[in-house]
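> one predicted model, sequence on top.
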Amino acid sequence: TGSSRPQRLLKAVQRNAAKGDPQSVISAIDYFCRHSEWAMNVGDEKGSILDSVVSEVSPTTALELGTYCGYSTVRIARLLPPGASLITLEFNPDYAAVARQVIAHSGLQDKIHLVEGPSGDSIPKLKERFGITSLDFVFLDHWKDRYVPDTKLLEECGLLRKGSVLLADNVICPGAPEYLDYVRNNPRYESRYFQSHLEYTNVEDGLEKSVFLG
Ligand SMILES: O=C(NCCCOCn1ccc2cnccc21)c1cc(-c2ccc(F)cc2)cc(O)c1O
Ligand SMILES: [Mg+2]
């Protein structure tokens, strides 16, 4: 049996990126996805928008739903202020195993907690497990039909506070129409759409930034 795409992506990182250099890990993955094999990382174009929102929020506690190979995990963690941390949830153990090695290569492992399992199980345990009171920033990048139920779950668990920022990937492609409807027609959120393209393609996609108003 052969290697998987995430395993080939990891090899490309180990071969082409400098250990302890997050930017070189990001560049190595983008190069691999443009020139060898497409993969569902947020990518460089939407990644720049992600960077600008993370830098603006400068979160002390951040949550990512959907680790995959750890590309956006590294993008977010490299911009966190000292002492801040990122919790990232991954459902697929094979993806999680690759992500742990990509994260280790970047040198950012001390800022990142990778939790394996379904978001519906992990979210209610975050407070007790990580001693957090609320989340400053959430990046949604997992199953698109889980964006609404998990946003409601974050609210119900008291993990959002006035000013918490949600940033959702793929709201156009593959699409998250129910999520757009939820945050855009909800008085408790102030939403804005950032038009972009599906990673490594010319297909339209974008990110939806939503501020929880409390
Ligand atoms: O599907 C995508 N992402 C989700 C992965 C599974 O996530 C599952 N998952 C991860 C934590 C987690 C926790 N609990 C439950 C499920 C949980 C995804 C897909 C595409 C895409 C676009 C066009 C295509 F032709 C084909 C694919 C692009 C993206 O940027 C994506 O993010
Ligand atoms: Mg995505």
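Here it is on my side, so go on. Ligands and ions are numbered 1, 2, ... in the order given.
> and the residue of the chain found nearest ligand 2, what pLDDT?
The minimum distance from the chain to ligand 2, using C-beta to the ion, falls at residue 169 (3.7 Å). For every residue, glycine as well, the C-beta is placed using N, CA and C. Turning to residue 169, the model gives it a pLDDT of 99.
> can you check residue 1 too?
At residue 1, pLDDT is 83.
> same check, this time on residue 148
Note for residue 148: predicted pLDDT of 99.
> which helix or strand contains it?
helix 147-156 (DSSP states H and E).
> buried residues in that helix?
Residues of helix 147-156 classed as buried by neighbour count (16 or more other C-beta atoms under 10 Å): 147, 148, 149, 150, 151, 153, 154.
> over to stretch 92-112?
Residues 95-96, 98-103, 105-108, 111-112 are the ones in stretch 92-112 that count as buried (16+ other C-beta under 10 Å).
> mind checking which of those are in strands?
Judged by DSSP state E, those include residue 112 as members of strands.
> and stretch 58-73, end to end?
15 Å (C-alpha to C-alpha, to the nearest Å).
> list the buried ones in it?
Under the neighbour-count criterion of 16+ other C-beta under 10 Å, stretch 58-73 has 59, 61-73 buried.
> and for stretch 71-90?
Quick answer for stretch 71-90 (16+ other C-beta under 10 Å): 71-80, 84-90.
> out of those, which touch ligand 1?
Filtering the buried residues of stretch 71-90 for neighbours of ligand 1 using C-beta under 6 Å from any ligand atom leaves 89, 90.
> okay, and which of the buried residues of stretch 71-90 map to helices?
71, 72, 73, 74, 75, 76, 77 (DSSP state H).
> so who does the last one touch?
With contacts defined as C-beta atoms under 8 Å, 6 or more residues apart in numbering, residue 77 is in contact with 22, 86, 103, 106, 108, 111, 112.
> got it, and the third one?
Under the criterion of C-beta under 8 Å, 6+ apart, the contact partners of residue 73 comprise 64, 67, 86, 88, 99, 102, 103, 108, 112, 114.
> now it. Nearest residue, chain neighbours left out?
Excluding its sequence neighbours, the residue lying closest to residue 73 (C-beta to C-beta, 6 or more residues apart in numbering) is residue 88, at 5.0 Å.
> I'd say that neighbour and residue 111 touch.
No: contact between residue 88 and residue 111 fails when scored by C-beta atoms under 8 Å: they sit 10.6 Å apart.
> what does this protein put close to ligand 1?
Counting by C-beta under 6 Å from any ligand atom, the chain sits next to ligand 1 at 40, 65-66, 89-91, 118-119, 141-143, 146, 169-170, 173-174, 198-199.
> out of these, which end up buried?
For the residues of the chain next to ligand 1, a burial check counting by 16+ other C-beta under 10 Å picks out 40, 65-66, 89-91, 119, 141-143, 146, 169-170, 173, 198-199.
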